[in-house]
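Novice: Need coordinates for the following:
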Amino acid sequence: MLVTLINGFISLISTIVTGLFSILPNDPIQSVTLPSVFQQYLGYINWAFPLNQVIIFISGYVGCVLVWYGIRWVLRFTKFIT
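Specialist: Okay, the predicted model is just below:
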């Protein structure tokens, strides 16, 4: 009885999630259409300000800051730092 109830609940959740995903587009970025003028300027901006490298740098920086605060929290927790 309990197994049937759990399987029905999982089936219901699966149906709801499948229905939600069927509403969404396959690729949200492809559905955005920009005028050709904006596409030209977007290429210039990406040449002068490489977004891929900026994202990599920022994620590395945030990772280092999180490690620093994590170590600091552990040391304060163990009373090594006052």
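
Novice: residue nearest the centroid of the chain?
Specialist: By C-alpha atoms, centre = their mean, the chain has its centre lying nearest to Ser59, at 11.7 Å.

Novice: give the contact list for Trp73.
Specialist: Under the criterion of C-beta atoms under 8 Å, 6 or more residues apart in numbering, Trp73 has no contact partners. C-beta: built from backbone N, CA, C; applies to glycine.

Novice: for the host helix or strand of it, what is the average pLDDT?
Specialist: Per DSSP states H and E: Trp73 is located in helix 51-77. The pLDDT scores in helix 51-77 average 91.

Novice: Could you list the buried residues of it?
Specialist: Judged by neighbour count (16 or more other C-beta atoms under 10 Å), helix 51-77 contains no buried residues.

Novice: okay, Leu34: pLDDT?
Specialist: At Leu34, pLDDT is 67.

Novice: ok, now the one 10 residues further on?
Specialist: According to the prediction, Tyr44 has pLDDT 79.

Novice: Compute the number of surrounding residues for it.
Specialist: Residues contacting Tyr44 under the criterion other C-beta atoms under 10 Å number 9.
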